[in-house]
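Asker: sequence-free structure coming up:
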């Protein structure tokens, strides 16, 4: 998902504060679902599928149940193992859009590059993640898994994983205590010790650091996907406390372009339609911010007949907006005329109460950028304004004179709250994670130090190449003569690191 | 909504058969909701709002209840008069996007052009229709109203209308008997006789013809919106049995362009996303038919990064497709490679079982064109194929080798079943209806004979002009000199009748 | 070429005035090249090829030379028969883009549908026309040809035609006297009498009416291409003086769409670049008029990154502009900010001196619409303004304060003066002309009366179908079942006459 | 202009070879105009303006003439000082599109940041360069200038510069000997010693290295624009022989984006139209290479209705092409069907004789990418193929069976040979050069070592900001609170160095 910068919890390692910080975790975790943009994505996006899960009529905590899968194992904890069959179908459907992983399974299955790998993972548990986990297993890994978010687990998928033999500890609607209990159950096992960590948000890594630091003696590397988690790893590294190599998969080119430009190009339309049924043709729209997210939004809205203008702080991006045919304005110059105001800046208070006061009746306001700070929603919680919830995720804020401003998702990310993420985009991330695990697990001694690494460009290119068959795209191969002329290896990498794409 | 040709019931007027035909009505009405495309639109489209209505816990038939509104009147029959307040809010929200009607109210309110008009209406009863009805009232008309579809009534809106004094007879989930009973209650009133008819589908007109032909002595005209209803009127006219002037508002330019080109440009994306969450970028799509609907679909999909090709039978439309950048192919040449197949032809069996057999795994098939005939869905109901309902409106049809074809809305219109119609588009229709009523009611003797008329171009232009303020559009006025040079009246009409727009 | 309405000379048939009008011809003809938009197109557009013709070093009038082609014939009059070989190559190049005519030759060659036809033609004489003429010959016709414009003849093409045996009378730079002499030489031949007329502008038709009215006894029909000529024919018809059937090929769908929408989409960019080298990205542009020409201009400029707004007088076109994403404004509201002002209205004085006074420094003004009336150029010829010719077709008009407005083609049609017409577009016109001749020549007695006809839609469709192979487009054929369902003949016509495309 | 990699002459510094290499210069320089892509741009692009210069009727060498400007100075050598007035007008016209430089003059004029600077420059001498030179003068510099290309000088502009007091040594059509004589006259002056060098291609720098190495004692820095010159500087640096700081302005973001993406988006259309008058609508086009140049070409052609597919060697770029809606193919799979083949790869022999043999009749082949290597033109110079020059820059290559392939610019860069570069793009480069001079001249001791530097991002942003007024773009300023939240300085830089834009 797109995002600017996520400012994570301060991680303190001074002894005194460690405990405090640690003990604060549970309460903070509540907020996390708002502030961690990537992680949240999966949570919200599977609402459609989620509607097929049982509506939690069984109120018993999974921790109190004893369940056994058909192979006799009970080394897992899920909502209801009986949902496995339904979950299997969800996984199969997801596999259709994630053929890159399936193809990776086939290509690497003979050599089992993860033979001997013991992976402990903490991610959203959805059909797409299941395809990843089962790929890791197919490549030779043993996996124990838990959820990185207390709300995002698809129970039936967890059941299917458990049924197939993965030790999964997760259900939808965990308490904070459950959350850490599940993590602990993944790490703290007799006779089994993880040698790889796959994390999304850094909580698993954090727990191991706090509780089982000796585990790191055997761990060959950490793969981290989220902005937040990556940030924490860089801080550890800066503080000299990172004791294994870590791979930052968040900043790979393919992930960035897909998560931001291409994904937002579609989700802005989807999010607006699902919430408001608005017609785009002829609408006057201002998009705040012309980074990748803004570029995606502008391109889609313009294509559907909206009249779009842009605000920017960076003159280079502003010049790009001009050349792409968008008038660059200040928000207060145009806000009165706009039918929609969309923020994509990664900044805070981009839309202020003053702007909101000047909007016309019926103006739609939403955030595609970052957390929930871009629109000053707090400023709208004053007595003279009336809030009216007209649909899920849609509030009418009503001024004393009757003017209504239509606020979506209470200013949180529209694309996470009100639209879905295509499996194809998740496939790119999952494939990158799998390759990063393979790379770290098999890297010769010394290739990676105790530092945070970007995926080598050649692997980025490999991820891309695995996804080309989805489009029936045929790559051209360099001839020897051409490769020599260009000074390139025929198999890549094809571009210098600073290439802008 | 777009549609090709709707083939209505044969209307027989030979005495013998009349009764038969009449008695067959109820059973036929059941099918109508499939075959009447326009009418159905509203039905399906407000599912979102509909979710706020009470889920019919009260099983008593409205016909058996006695309800009184706050003014003491009980000349109505709705589900629950107590929902009036909620319905009022829905109407107010709709008003925001239907400012053309509000503006018509203001412009014409002084002169009350419908003073003395007694309008009996039979349409979908939704918030948008309520804005129309209340506009007619504001212009001086008395209104009695019923629903043209047994499923499409928004109960809370009906309640709000009843509360405000309109005699409305409609609820969601009427039986066939209820349906005709409601129509009868609208027409058959002591001390009140309709002099204008506003119909959508022709059932009201039909009932009056059958039961109360004498009413036509006072009726100054019929305004009909649907393809079906218009077709029936032309048949009456051809048979010499039309006894009052009728206005065909279905074929006005603004309605056609908005219902087809502009509306489908948006609804194709919306319908596909809501049902399948598919990513458009890079998808290979074939659109069958390059009329207005096809043009709208192609334009939107191309803009979002799909690779689109087109099939056509008409060389002129094919040439347009070429010039617009779409390869013109035969379906069987490309069907194997396609990720989506979309029909927009108005024809039948455009996608055959043979085509379906050759589609690749995961191919999405849907219909934007006409009724439910374009895809030969019947051919898929064979024992070797498995149908799996994966979401509402989404079926996986599974071949013996495991191949899945994703069929949307069982081949019925995607834009009616799986996306919404913007209030703005409904506003254009409603404004056209209001103007048609005003025109027919006030036309001097002799301007209109007992025939079916298109709205005069000048009125079409007036409808357009009432909608320009929504876009803050500023029209230029001809100078006297320019008007003379062009041979035009400064107030229009500006184009000859054959102008193609 | 696009055009709004051309107001031709009044043609008077009252005896008294006839002579007067006739004698006024020569002086009027001078202006014609400005006011007749279609006709002019070919004139200007072949400047590139024209540069290959000899630069008229030979000053002898062709009328005074005796020339003989290689077959011994001297029944022609061209600049220099020795240029035939060069002209042949130009014709061959044109044939590559006019494969529809070549294909028509092949399809119809066996049956020689024009066997016995004696066609006298008056059109621009360019490589493209030569392809038409040689097609007519291949289909069995005898042809005599002259130029409809005194400047537009490509001398080398005329030579090639003469060499191949066509009696052509035309050269570049005819005097008015030459012009009528050439026409007369085509018509007034011993032992040969025309039975078909192909005209572009109506001058040939006019001459026959005046001088050789008895010719019409044998003439089976007139085919007229230009707006002007068509207008004159309708006037004749209205006056009851049209004595043979005439075919209006100007208003066929294919010609209109290609001449206006598709052709202007390309020529607006080409004309602006060739004259000013302007960068389009980020430019603020106002397009006056949103008919087909305006739609083409707006679409292209927007696609290249310009920020485009529109002026309109017609609310329906204005609403289309809104839905297509263009702000609808009045010219005086925006003129100060614009980088370019482009007229496409067909009206006069759309850009006035007042507007010009308010333009900013460097603003480009040009006309895509009609004749030379849209921009009030005359108002700029005042002493305080300085005109500076900076390139061919580019004038800087300089205000006392130094402000420069960049006026293109002195306000005449940019697309005719400063860009070219693709052979493909001319092919559509030429094919239509050929089919119209075939239809009129072979029509059974009584199918056509002494009136002006549009080409039957089926023929329009046939013209389109002949051009589809250029795009490798594959038409779909209706099955019997489908044709029946739609109520259509499998071979067309496929649409009702009023279809808007 | 876009370009891949230019492989410059080897610069040898071993004493022995120095003389040899040096003496080889003149013959090599002849080739340079082909192989140096940037430098060549200005040469070709001003053909339009160039047509206004006198057609060299005066055959006397400028070196043999004595000319004096109106102030009595004769420290210059141009074709004809009397053309100064005409040249002045050309400069004034260029100033209109280069308002960033004018604005830089105004902002910096008070402080005269180049007071004391003695700049020796070697660039194309065109109206746009004149605006740069006069800006440097306005900021306090003394300038001596010569041409970097023997053909590209606009004589009248050189005259205008000489008249205004700049010591310029340049004319169109210099001999090789003239070329070095002019450079020498710039550097080797009594009583004046350069302290700044502005170079385009590296010849001036090279000459100083060879002849006057002591000059570098006073030189504060070199500003180099071209790929070639930058490459030579990096080689010097690597060899430890660079003795002053150098600024690489070629790789600044703004220059790259404008030179490649935005400029090619327009020039591909312009170049194709001017040479072939081809209609874009419906044409099948393959673009080889989807870097910035390819992206620009694809976007423009698609927008005008062409059906575009892409070849790529890099899977990441290939994936971008897919998401942008272009089918990714191998050239040999599609070459038979294509109407146009366009190369944008920076590689060699991308289009081989084998491909050319399989193209269809009328296929257009051209190169937008790099030098003249992409199309294997040499392979077409075989006896069985006939070459026919049909227009300037357009050859028909004719196969024995009559098939014609249309080759543009003999495979050299289309955008340099057949279209123009907008002044706005040149303005960005010129402004960057001016800022680089100011930065190097004023940098405190030690900020820059003897190395090659990229312009600091903040200056890149400043260049962009100076160009925003051209678009009437209004930047938003960060509030203190926002700047703090983002961790940014309110005045930039706003992005990390690796930001991809």
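Answerer: Structure's in. What do you need? Computed from a predicted model, the values in this text were never measured in an experiment.

Asker: what lines up beside the strand or helix carrying residue A:396 in the sheet?
Answerer: Secondary structure assigned from DSSP states H and E places residue A:396 in strand A:394-398. When pairs are called by DSSP bridges, strand A:394-398 turns out to pair with strand A:386-391 (antiparallel), strand A:404-408 (antiparallel).

Asker: and those strands, which is most packed in?
Answerer: Burial among the strands paired with strand A:394-398, expressed as mean neighbours by mean count of other CB atoms under 10 Å in any protein chain shown, is greatest for strand A:404-408, which shows a mean of 23. The way it works is simple: take the backbone N, C-alpha and C, and place the C-beta from them, glycine included.

Asker: past it, which element shows up next along the chain?
Answerer: On the C-terminal side of strand A:404-408, the nearest following helix or strand under DSSP H and E is helix A:414-417.

Asker: comparing the strands paired with strand A:394-398 by mean pLDDT, which bottoms out?
Answerer: Among the strands paired with strand A:394-398, strand A:386-391 has the lowest mean pLDDT, at a mean of 92.

Asker: centre of the chain versus that one, how much separation?
Answerer: Between the mean C-alpha point of strand A:386-391 and the mean C-alpha point of its chain there is a distance of 29 Å (CA atoms, centre = their mean, to the nearest Å).

Asker: and for stretch A:481-500?
Answerer: Put simply, stretch A:481-500 sits 31 Å off its chain's centre (CA atoms, centre = their mean).

Asker: tell me the contacts of residue A:364?
Answerer: For residue A:364, the set of contacting residues under the criterion of CB atoms under 8 Å, 6 or more residues apart in numbering or on different chains consists of A:272, A:276, A:278, A:339-341, A:405-406, A:408.

Asker: farthest pair in those residues?
Answerer: Across those, the two members that end up farthest from each other (CB to CB) are A:272 and A:405, 14.8 Å apart.

Asker: how about residue A:244, nearest residue that isn't a chain neighbour?
Answerer: In this structure, residue A:244 finds its nearest non-sequential neighbour in residue A:219, 5.0 Å apart by CB to CB, 6 or more residues apart in numbering or on different chains.

Asker: residue A:88 belongs to a strand?
Answerer: No. Secondary structure of residue A:88, determined by DSSP: H, G, I helix; E, B strand; the rest coil: helix, with no strand assignment.

Asker: mind pulling up the pLDDT for it?
Answerer: For residue A:88, the model assigns a pLDDT of 95.

Asker: what does residue A:415 give?
Answerer: We have a pLDDT of 84 for residue A:415.

Asker: mind listing what's buried in stretch A:441-450?
Answerer: A:441, A:448 (16 or more other CB atoms under 10 Å in any protein chain shown).

Asker: chain center to it: distance?
Answerer: Here the centre of stretch A:441-450 is set off from its chain's centre by 27 Å, with CA atoms, centre = their mean.

Asker: and it, end to end?
Answerer: Start to finish, the residues bounding stretch A:441-450 are 14 Å apart (CA to CA, to the nearest Å).

Asker: and for stretch A:241-248?
Answerer: Across its full length, stretch A:241-248 reaches 17 Å end to end, with CA to CA as the criterion.

Asker: what ranges do the helices span in the stretch 201-350 of chain A?
Answerer: With DSSP state H, counting those that start in this stretch as the criterion, the stretch 201-350 of chain A has helices at A:203-211, A:227-238, A:253-257, A:263-276, A:292-303, A:315-323, A:331-334.

Asker: dump these to CSV, plus mean neighbour count and distance to residue C:401.
Answerer: Written out in CSV, the entries for the helices of the stretch 201-350 of chain A read as follows (neighbours: other CB atoms under 10 Å in any protein chain shown; distance: least, CB to CB, whole Å):
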stretch, mean neighbour count, distance to residue C:401
helix A:203-211, 21, 68
helix A:227-238, 21, 55
helix A:253-257, 21, 49
helix A:263-276, 26, 46
helix A:292-303, 26, 37
helix A:315-323, 26, 27
helix A:331-334, 16, 28
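
Asker: does residue A:307 touch residue A:287 like I think?
Answerer: No. With contact taken as CB atoms under 8 Å, residue A:307 and residue A:287 are classed as non-touching, separated by 11.4 Å.

Asker: and these two? Which one has more around it.
Answerer: Set side by side, residue A:307 and residue A:287 give different neighbour counts by other CB atoms under 10 Å in any protein chain shown, the larger being at residue A:287 (30 against 27).

Asker: residues near residue A:140, how many?
Answerer: Residue A:140 is flanked by 17 other residues according to other CB under 10 Å.

Asker: so is it in a helix, a strand, or just coil?
Answerer: Three-state assignment for residue A:140 (three-state DSSP): coil.

Asker: quick one: it from chain B, how far?
Answerer: Using CB to the nearest CB, to the nearest Å, we find residue A:140 at a distance of 26 Å from chain B.

Asker: ok, now residue A:76?
Answerer: The separation that residue A:76 has from chain B, given CB to the nearest CB, amounts to 26 Å.

Asker: just the contacts of residue A:364 now: which is nearest residue C:488?
Answerer: The shortest gap between residue C:488 and any of these belongs to residue A:278, at 38.1 Å (CB to CB).

Asker: so the closest one touches residue B:422, yeah?
Answerer: Yes. In this structure, residue A:278 is within contact of residue B:422 by CB under 8 Å, at 6.7 Å.
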